[in-house]
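**Q** turn this into a model:
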Amino acid sequence: MKYFFLLLTGISVFSVSAQSVDKKLEASIQKEISNFHGDIGIYVHHLKKNKVVAINADTVFPTASLIKVPILTGVFKKIHDGELKLSQPFTYNAKRAYGGSGLMQFYKDSAITDLSTMISLMLTYSDNVAAIWLQELSGGGIVINKLMDSLGLVNTKVNSRTEGRQEIWKKYGWGQTTPKELATLFTLIREGKIIDERYSDKMYRYLKNQFYNGRSLSQLPPTVNTISKTGSVDEARGEVVLVNAPSGDFVFCILTKNNKDKSWTDANEAETLTRKIAALIWNYYEPKHSFKNYIPIN
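**A** Next comes the predicted model:
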């Protein structure tokens with residue numbers, strides 16, 4: 001069986017051959033998550049071996065800041081269409097200030113920035129002000145959602161500030177996705193299939209630089225390249241990571257919701273579990289590697 005996804009150009013298609021389930025890895029992950037106080041979904045795909053683990057992988061979860069990856073896709077579609085440029089200047093208005101993560105909220109009124117800086121802030125520091133602005137520049141949630149549909153990611157949606165999605169926003173917040181779909185989006189970027197290799201390459205480079213590296217990334221060797229993004233709200237934590245590992249690239253996405261532990265510390269149950277799963281996956285694929293999984297430094 002083969003699955004086909006349309007590229008953003010609306011012309012080319014690509015196929016992914018049938019995948020087999022890695023039952024050994026699945027059993028280990030199931031054991032690790034058995035006592036979690038909340039709902040969890042996991043998707044793991046070793047691209048070279050083409051083996052997967054799918055646990056509630058098609059279940060819809062809140063994205064929180066993970067929605068910034070679909071927004072990134074929307075921005076690059078506009079760049080491809082000649083409507084935006086990475087060097088394009090913009091003037092910040094202090095009225096855009098918005099709470100939560102990020103640095104742009106501390107900009108002085110009338111400060112000059114550019115599109116590339118905004119993208120970097122959105123992804124590296126998970127900047128909310130930059131992300132909301134970039135969502136607007138992408139054409140808004142309706143446009144981004146159509147792009148996700150064209151990629152076959154029909155459950156990946158922007159809800160906030162999007163006409164007709166006010167009710168579902170109350171349930172999922174800014175955005176929604178599934179573990180499999182978000183991992184697939186990362187895979188498309190890795191394989192050069194978002195618009196084309198040139199645009200995907202640039203997106204990949206932006207996703208390599210992560211300030212929030214205390215979850216899965218803390219359990220992976222710093223000398224091995226990764227792209228990743230985290231997302232957090234009180235009742236949900238999520239992360240998607242693609243690793244350029246010695247045994248071959250692999251991608252995993254861990255999403256949670258209805259979490260009993262709503263704390264905002266490194267000891268949060270969902271974040272602790274995410275680190276354990278990341279370490280488990282790394283050690284499973286790279287058992288002979290010298291890297292030792294450490295407890296993150298506070």
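**Q** okay, now the unreliable bits of the protein?
**A** Low-confidence segments of the chain (pLDDT under 70): 1-17.
**Q** pull the longest helix from it.
**A** helix 269-285 (DSSP state H).
**Q** just the helices from the stretch 1-150 of the chain, written as ranges.
**A** Listed in chain order, the helices of the stretch 1-150 of the chain (DSSP state H, counting those that start in this stretch) span 23-33, 68-80, 115-124, 128-137, 141-150.
**Q** redo those as TSV? Include mean neighbour count and distance to Thr177.
**A** To be clear about C-beta, it is placed using only N, CA and C from the backbone, and glycine gets the same treatment. Below are those laid out as TSV (neighbours: other C-beta atoms under 10 Å; distance: least, C-beta to C-beta, whole Å):
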stretch	mean neighbour count	distance to Thr177
helix 23-33	15	19
helix 68-80	23	8
helix 115-124	21	16
helix 128-137	22	15
helix 141-150	18	9
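**Q** wait, isn't Thr59 in contact with Gly41?
**A** Yes. Between Thr59 and Gly41 there is a contact at 4.8 Å, judged by C-beta atoms under 8 Å.
**Q** between the two, which is the more surrounded one?
**A** Taking neighbours as other C-beta atoms under 10 Å, Thr59 and Gly41 compare with Gly41 leading, 24 against 15.
**Q** can you tell me the closest non-neighbouring residue to that one?
**A** Closest residue to Gly41 apart from its sequence neighbours, by C-beta to C-beta, 6 or more residues apart in numbering: Asn56 at 3.7 Å.
**Q** for Val240, pull up the helix or strand it's in.
**A** Using DSSP states H and E, the secondary-structure element containing Val240 is strand 236-243.
**Q** shouldn't Leu72 be in contact with Leu123?
**A** Yes. Counting by C-beta under 8 Å, Leu123 is a contact partner of Leu72 at 6.7 Å.
**Q** coming back round to it: so for Thr59 and Gly41, which residues contact both of them?
**A** Thr178, Pro179 (C-beta atoms under 8 Å, 6 or more residues apart in numbering).
**Q** just to revisit the earlier point, for Arg205, see how far away the residue nearest to Gly41 is.
**A** 32 Å (C-beta to C-beta, to the nearest Å).
**Q** of the two, give the one with the bigger neighbour count.
**A** Neighbour count, other C-beta under 10 Å: between Asn56 and Arg205, Asn56 has more, with 17 against 11.
**Q** shouldn't that one be in contact with Ile33?
**A** No. Judged on C-beta under 8 Å, Asn56 makes no contact with Ile33 at a distance of 9.8 Å.
**Q** overlap of the contact sets of those two?
**A** Shared contacts of Asn56 and Ile33 (C-beta under 8 Å, 6+ apart): Ile40, Ile42.
**Q** so what's Ser232 closest to, chain neighbours aside?
**A** Leaving aside its sequence neighbours, Ser232 sits nearest to Ala64 (C-beta to C-beta, 6+ apart; 5.4 Å).
**Q** what number of residues lie near the one you found?
**A** Here the number of neighbours of Ala64 (other C-beta under 10 Å) works out to 25.
**Q** which residues touch it?
**A** By C-beta under 8 Å, 6+ apart, Ala64 lies in contact with Gly173, Trp174, Gly175, Gly231, Ser232, Val233, Ala236, Arg237, Gly238.
**Q** between the residues you listed, which is nearest Asn258?
**A** Top of the list for closeness to Asn258, among the contacts of Ala64 and by C-beta to C-beta, is Ala236 at 7.8 Å.
**Q** tell me who's in contact with that closest one.
**A** Applying C-beta under 8 Å, 6+ apart to Ala236 gives the contacts Phe61, Pro62, Ala64, Leu255, Thr256, Lys257, Asn258, Asn259, Ala270.
**Q** secondary structure class of the residue nearest to Ile40 when sequence neighbours are not counted, three-state.
**A** Take Ile40 and drop its neighbours on the chain: the residue closest to it by C-beta to C-beta, 6+ apart is Thr256, 4.9 Å away. On the three-state scheme (DSSP: H, G, I helix; E, B strand; the rest coil), Thr256 is labelled strand.
**Q** just checking, Thr256 touches Gly38?
**A** Yes. Counting by C-beta under 8 Å, Gly38 is a contact partner of Thr256 at 5.2 Å.
**Q** tell me which of these two has more neighbours.
**A** A count of neighbours by other C-beta under 10 Å puts Thr256 above the other of Thr256 and Gly38, at 26 against 18.
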